[in-house]
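Enquirer: Need a 3D model of the sequence below.
(3 chains)
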Amino acid sequence: MSLSNVGLCWFRQDLRVTDNPALTRALQQHTQVLCLYVHEHPDDPDPPASLWWQQQALQDLADQLQGQLLYRTGDIQQNLQQIITEYSISAVYWNRLYDPTSIARDTILKTWLGEQSIQVYSFPGQLLFEPWELLKQDGSPYRVFTPFYKACLAQGLSDRVIPAPDLNRLVSVPDPGAQITHDSPAAAWAQAFGDQWDPRRQTGWNRLAEFIAQDMPVYHKARDIPAADQVSRLAPYLHAGQLSVREVVAATRDQPGADTFVRQLVWREFAHYVLYHWPHTLDQPMDNRYVHFPWRTDPVALRAWQCGQTGIPLVDAGMRQLWQTGYLHNRLRMVVASLLCKHLLLDWRAGAAWFMYTLLDADLANNTLGWQWVAGSGVDAAPYFRIFNPVSQGERFDADGTYVRRWVPELAALPNRWIQQPWAAPTELLTAHGVQLGDDYPQPIVELAAGRRAALAAWEQMKALAASALIKRS
DNA sequence: TTTTGAGTTGTTCGA
DNA sequence: GTCGAACAACTCAAA
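Expert: Take a look at the predicted model:
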């Protein structure tokens, strides 16, 4: 096989052919293009749920490339070195990522490739705006969502989508029909995902059309009702880059309800923007005072939360939905996170790690922003006094208990009056409906009013500690 | 330059 | 039962 003028398109979180600037440009510049994916950390003994999605998405991408996707595992630099020689690569193309680990890696690779006279071209593919494009008048980055959102709208949300290129000049790879082999989460766990989700791009695209027609017109209200499930469910497709955010914006443009939905897409944008400008927020609070927050360590409570055994029905329903489906409705993400950080005073980073492990859409930037928001330590965070009461939330957003009954079947027989707070129900009523608290269903792990007071007290304590630390320093 | 008002997602208390 | 106020501190943009 003679190869000349070969470009390498390195796929990362852009597992698509349409609206893929790196792939399109590589095909414009080269007579032949090699498509590559490298799974950098194989042999993870306990892979997260999102690896299941990634594996399926890769297989789907390989199908779209008529099998011509070179799949490798292990160190990226070593793989590139070998591939460059083997395939006579003269230039490398990729779409940019904005998390600190990827930036550090890509920077090193760019220098290293340059030293070998290999051209490197990187492109904007993951976001609507490059994070350094949107700044305040004074040249510094936005810290508040709404001004950021307005700035995005003022710039105009691009809906220019690059059509799928002609793929008949891809380099043939050995064994193109081979399955993408990947370490995947435990078989039984993955099985449950397969029952719920189809990670192929076309399915995501179909879901988008369905969402726009059926759900987006009422999205502003219905998105808060977890049982209604009238949300897009596109996050995993967006995270893997099977759909580009520009495609989604373009499809929703001028359709009823688009404003509210696009605002959510801008939140995704803001999350990546914040992580780019303040990479330390990955595990450090944006608000310095929170360095002094008195987080507790309580593995038993953390485990109860993870397993959906807190004895608080709405929270347990959410945590079970998360574990069983790799997905959690947005409102429940807030409710369960608030219970962990506020009532239980457990470190948001423990909750964030669990979400990253269990969510099929596990996205570092979105997850970090969300948790810091709930904890109160982040950019434009929830005020300290906003403590979600899972009973009130249940009565407001799951008034007929549909969602709780779906995921906490042991309580299904209880009347609406008590479904959100079985501990308050008369014992004889519980007995009559076959519920023995502490036996069929746990006693609540925390008394909600006391937990709220403890959270407010912890906040006062943090303030005092932060103030005295400030005095000591000055 | 200074001031002002608003800022994703809530709860409780008291009138 | 309903309703408004209070709950910090800071950022940002417009007036």
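Enquirer: what helix or strand is A:L8 on?
Expert: A:L8 is part of strand A:6-11 when elements are defined by DSSP states H and E.
Enquirer: Find the nearest non-adjacent residue to the residue of the stretch 151-300 of chain A found nearest DNA strand B, please.
Expert: Nearest residue of the stretch 151-300 of chain A to DNA strand B (CB to the nearest atom of the strand) works out as A:W267 at 3.9 Å. C-beta: built from backbone N, CA, C; applies to glycine. Distance criterion CB to CB, 6 or more residues apart in numbering; nearest residue to A:W267, sequence neighbours excluded, is A:F145 at 7.0 Å.
Enquirer: could you check the distance from the residue nearest to the spatial centre of chain A over to A:I180?
Expert: Taking CA atoms, centre = their mean as the criterion, A:D363 is the residue nearest the geometric centre of chain A, at 3.0 Å. Using CB to CB, to the nearest Å, A:D363 is found at 21 Å from A:I180.
Enquirer: and if you look at A:W348?
Expert: On the measure of CB to CB, A:W348 and A:I180 end up 34 Å apart.
Enquirer: These two: which has the busier surroundings?
Expert: Counted by other CB atoms under 10 Å, A:W348 and A:I180 do not tie: A:W348 has more neighbours, with 25 against 17.
Enquirer: what about the helix or strand where A:R246 lies, average pLDDT?
Expert: Using DSSP H and E, A:R246 maps to helix A:245-252. Helix A:245-252 carries an average pLDDT of 96.
Enquirer: buried stuff in that helix?
Expert: A:V245, A:R246, A:E247, A:V248, A:V249, A:A251, A:T252 (16 or more other CB atoms under 10 Å).
Enquirer: what does stretch A:387-399 give?
Expert: Applying 16+ other CB under 10 Å to stretch A:387-399 flags A:I387, A:F388, A:N389, A:P390, A:V391, A:Q393, A:G394, A:E395, A:F397, A:D398 as buried.
Enquirer: what's the closest of these to DNA strand B?
Expert: For the buried residues of stretch A:387-399, the nearest to DNA strand B is A:N389 (3.6 Å; CB to the nearest atom of the strand).
Enquirer: tell me what the longest helix belonging to chain A is packed against?
Expert: As assigned by DSSP state H, the longest helix anywhere in chain A is helix A:448-473. For helix A:448-473, there is no helix or strand it packs on, judged by 3 or more CB pairs under 8 Å, 6 or more residues apart in numbering; DSSP states H and E.
Enquirer: What's the mean pLDDT across that helix?
Expert: 88.
Enquirer: what does stretch A:130-146 contact?
Expert: Residues external to stretch A:130-146 that are found in contact with it (CB atoms under 8 Å, 6 or more residues apart in numbering): A:96, A:98, A:124, A:147-148, A:151-152, A:155, A:267, A:270, A:272-274, A:276-278, A:379-380.
Enquirer: could you check whether that stretch is close to DNA strand C?
Expert: Yes - interface with DNA strand C: stretch A:130-146 contributes A:K136, A:Q137, A:S140, A:P141, A:Y142, A:R143, A:V144 (CB under 7 Å from any atom of the strand).
Enquirer: per-residue confidence averaged over that stretch?
Expert: pLDDT averaged over stretch A:130-146 gives 92.
Enquirer: And that stretch, what's buried?
Expert: Buried residues in stretch A:130-146 (16+ other CB under 10 Å): A:P131, A:L134, A:P141, A:Y142, A:F145.
Enquirer: Need those in TSV (columns: secondary structure).
Expert: Listed next are these as TSV, based on DSSP: H, G, I helix; E, B strand; the rest coil:
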residue	secondary structure
A:P131	coil
A:L134	coil
A:P141	coil
A:Y142	coil
A:F145	helix
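Enquirer: Serialize these to TSV and add fields for distance to A:V171.
Expert: As requested, those are arranged in TSV below (distance: CB to CB, whole Å):
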residue	distance to A:V171
A:P131	33
A:L134	38
A:P141	41
A:Y142	43
A:F145	44
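Enquirer: And A:V120, which helix or strand is it part of?
Expert: Element membership for A:V120, per DSSP H and E: strand A:119-123.
Enquirer: That strand pairs with which strands?
Expert: strand A:89-95 (parallel) (DSSP bridges).
Enquirer: Taking strand A:6-11 as reference, get the angle to the strand it pairs with.
Expert: 30 degrees (axes from the mean of the first three to the mean of the last three CA atoms, to 10 degrees).
Enquirer: Mean confidence (pLDDT) on strand A:89-95, please.
Expert: The model assigns strand A:89-95 a mean pLDDT of 98.
Enquirer: next one: stretch A:358-377
Expert: 95.
Enquirer: now the end-to-end length of it.
Expert: Terminal residues of stretch A:358-377 lie 23 Å apart, using CA to CA, to the nearest Å.
Enquirer: is that stretch anywhere near DNA strand B?
Expert: Yes - residues of stretch A:358-377 are located near DNA strand B by CB under 7 Å from any atom of the strand, namely A:G370, A:W373.
Enquirer: Quick check: residues of the stretch 351-474 of chain A near DNA strand B?
Expert: Counting by CB under 7 Å from any atom of the strand, the stretch 351-474 of chain A sits next to DNA strand B at A:370, A:373, A:380, A:382, A:385-389, A:392-393, A:396, A:448-449, A:452.
Enquirer: So A:Q119 sits against A:A91, correct?
Expert: Yes - counting by CB atoms under 8 Å, A:A91 is a contact partner of A:Q119 at 3.9 Å.
Enquirer: of these two, who's got more company?
Expert: Neighbours were counted for A:Q119 and for A:A91 using other CB under 10 Å; A:A91 has more, 20 against 13.
Enquirer: Can you name the residue of the stretch 151-300 of chain A nearest to DNA strand C?
Expert: A:A151 (5.8 Å).
Enquirer: so who does that residue touch?
Expert: Applying CB under 8 Å, 6+ apart, the residues near A:A151 are A:L134, A:Y142.
Enquirer: Okay, it and A:Y142: tell me how far apart.
Expert: 7 Å.
Enquirer: Could you do A:W354 as well?
Expert: Distance from A:W354 to A:Y142, by CB to CB: 29 Å.
Enquirer: just to revisit the earlier point, point out the other helices and strands that the strand holding A:L8 packs with.
Expert: helix A:21-29, strand A:32-39, helix A:76-87, strand A:89-95.
Enquirer: Can you tell me which of those is nearest to A:L456?
Expert: strand A:89-95 (44.9 Å; CB to CB).
Enquirer: so where's the stretch 51-200 of chain A shaky on pLDDT?
Expert: Along the stretch 51-200 of chain A, the parts satisfying pLDDT under 70 run over A:177-179, A:181.
Enquirer: hmm, try it at 50
Expert: The model of the stretch 51-200 of chain A has no residue with pLDDT under 50.
Enquirer: Can you name the residues of it sitting close to DNA strand C?
Expert: Within the stretch 51-200 of chain A, the positions near DNA strand C by CB under 7 Å from any atom of the strand are A:K136, A:Q137, A:S140, A:P141, A:Y142, A:R143, A:V144, A:P147, A:K150, A:A151.
Enquirer: Quick check on the fifth one: phi, psi?
Expert: Going back to what we said before, that points to A:Y142. Main-chain torsions, A:Y142, degrees, to the nearest 10: phi -70, psi 140.
Enquirer: wouldn't A:H433 be in contact with A:L414 here?
Expert: Yes - in this structure A:H433 lies within contact range of A:L414 using CB under 8 Å: 5.4 Å.
Enquirer: okay, those two: which has more neighbours?
Expert: Taking neighbours as other CB under 10 Å, A:H433 and A:L414 compare with A:L414 leading, 25 against 16.
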